[in-house]
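Enquirer: mind looking at a prediction? Sequence and model below.
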Amino acid sequence: MAKTTPLWNGILLVAGGALGAGMFALPMVSAGAWMWWSTIGLFLVWGMTFVSAKLFVMVNLALIADTRNNLDHRSSFDSLVLQTLGRWWSRLNNVSIVFIMMILMYAYTSAGASIADYSLTSLGVGIDDSYRRWLSIGFATLIAITVAFGTSFVSRVLLVFLVMMAIAFIVSALGIIPSVELNHLTISINAPQYLLEALPVYMTAFACAGLIPSLVRHYHAQPEKVNKSLFWGSVLVLLVYVLWLILTFGSIGRDGFTAVFAGGSNLGELVTALVNNGVDNSLEVRLNLFSHCAIITSFLSVGLGLFHFIQDKFSLGDTLSQRLFAATCCFGPPAIASFVLPYGFIHAIGFAGMFVAFSFFFLPGMMALALKQKGVIIISNRIPLLVILFGLVILGLKSALLFSWLPT
């Protein structure tokens, strides 16, 4: 008999992996295209992300259902790609997956230390830069211990922080709304070219395919719950992202982002700009609480996905020593990177989109086509080819940005 696990667990894992620190990057990368073009871009990326995720779910479930593969519901991305496309693609994907999750966790570790430093400074407790670097180590250690306790425990912790984040977001929104000016949103901006630089970041902000093996494990390969978790979790993310752009754009205004960019496009500058345009003196406290909760939820969700990946890759069990080893491999490198390079949040978020396009779009499409040729699944070629094409487009856009070939 299949284990009964509530649907909200999966929705929280999906939403928690996206609704986090990446939200603070969205206004910065969307300021060029502004409201209408950015909204179109968000809907486009959300739709393609969900199609790709469903495709990967189909591949995942088909592989573990075939008894010849020696796979079960605990198998991770590494085993799935190896079984479908072979060792070369598996190794290439391993590098990509580890890079995606490590760079995101580095970004969240850096952001966590940054927002903690900002909070302490706002309270009049200034700290030296060397001490700020140690905040990264402490932050990563606490998250690692939490993830080591397992998926069910993480989902409960996520529930607490998501509720706190939701409350902080609502009360922050209520504080920002009076400063929102509709003319800031309705201003005629015909600048679709700037959407090109935002799309890779949007892809990273919606990326949830890395959690699919964890969802399959969590729901013991129940496809209905896995797909519903992906859909409702991603819809929640989409609605919050659009609302967040309305609040930030409507309050700060297009010209106001000049100061944000001049300060380095860090979290502190965005929060400062919102506070300066707010009408509630307690807005800063609420935004700080929201920032902390957002970073923690993202870190927990992404860390859980990488934790399971490492367990599968090294064939680790669930003993205490094996879980601690997996947690060390998972959280050690990003914590050290954040200690050495403490200011890299925005650049890391955008750069990860390049690898998301490969592992979460290109590869699921390739896997689906390979399984169709073997007669394992029945699907039209159009869907996998569309997913592959979209991944290649995003990969091309990010490559063009690296060479400064696109307007920014």
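Expert: Everything's here; your move. Keep in mind that what you see is a predicted model, and the values were worked out from it rather than measured. Residues are numbered from 1 along each chain as shown.
Enquirer: tell me the pLDDT of the nearest residue to residue 329 once chain neighbours are set aside.
Expert: Distances taken as C-beta to C-beta, 6 or more residues apart in numbering put residue 310 closest to residue 329, at 5.2 Å, once the chain neighbours are dropped. All C-beta spots, glycine's among them, are computed from the backbone N, C-alpha and C. For residue 310, the model assigns a pLDDT of 81.
Enquirer: hang on, residue 310 packs against residue 328?
Expert: No - with contact defined as C-beta atoms under 8 Å, residue 310 does not count as touching residue 328 (9.5 Å).
Enquirer: okay, these two: which has more neighbours?
Expert: A side-by-side neighbour count of residue 310 and residue 328, using other C-beta atoms under 10 Å, places residue 310 first with 20 against 14.
Enquirer: distance of that one from residue 333?
Expert: Distance of residue 310 to residue 333, computed by C-beta to C-beta, to the nearest Å: 11 Å.
Enquirer: go on, residue 292?
Expert: Distance, residue 292 to residue 333, by C-beta to C-beta: 23 Å.
Enquirer: so the two - more neighbours on which side?
Expert: Neighbours per residue, other C-beta under 10 Å: of residue 292 and residue 333, the larger number sits with residue 292, 21 against 15.
Enquirer: flag the shaky bits of the stretch 51-200 of the chain, pLDDT-wise.
Expert: 67, 69, 71-74, 112-136, 150-151, 188 (pLDDT under 70).
Enquirer: all helices for the stretch 101-250 of the chain, in order.
Expert: Secondary structure of the stretch 101-250 of the chain (DSSP state H, counting those that start in this stretch): helices at 129-148, 151-176, 182-186, 195-206, 212-218, 223-252.
Enquirer: got the angle between the fourth one and helix 223-252?
Expert: Inter-element angle recorded for helix 195-206 and helix 223-252: 130 degrees (by axes from the mean of the first three to the mean of the last three C-alpha atoms, to 10 degrees).
Enquirer: give me the contacts around helix 195-206.
Expert: Helix 195-206 has contacts (C-beta atoms under 8 Å, 6 or more residues apart in numbering) with 18, 22-23, 25-26, 29-30, 32-33, 37-38, 40-42, 44-46, 49, 104, 234, 237-238, 241, 349-350, 352-354, 356-357, 361, 394, 397-398, 400-401, 406-408.
Enquirer: residue ranges with poor pLDDT in the stretch 301-408 of the chain?
Expert: By pLDDT under 70, the low-scoring segments of the stretch 301-408 of the chain are 342-350.
Enquirer: repeat the analysis, applying 90 as the threshold.
Expert: Applying pLDDT under 90 to the stretch 301-408 of the chain flags residues 301-360, 364, 370-381, 394-408.
Enquirer: can you give me the strands for it?
Expert: Taking DSSP state E, counting those that start in this stretch as the criterion, the stretch 301-408 of the chain carries no strands.
Enquirer: which residues does residue 85 contact?
Expert: Residue 85 touches 363, 366-367, 370, counting by C-beta under 8 Å, 6+ apart.
Enquirer: if we can go back for a sec, of the contacts of helix 195-206, grab the buried ones for PyMOL.
Expert: Here is the PyMOL command that selects the buried residues among these (16 or more other C-beta atoms under 10 Å):
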select buried, resi 18+22+23+25+26+29+30+32+33+37+38+41+42+45+46+49+104+234+237+238+241+349+350+352+353+354+356+357+361+394+397+398+401
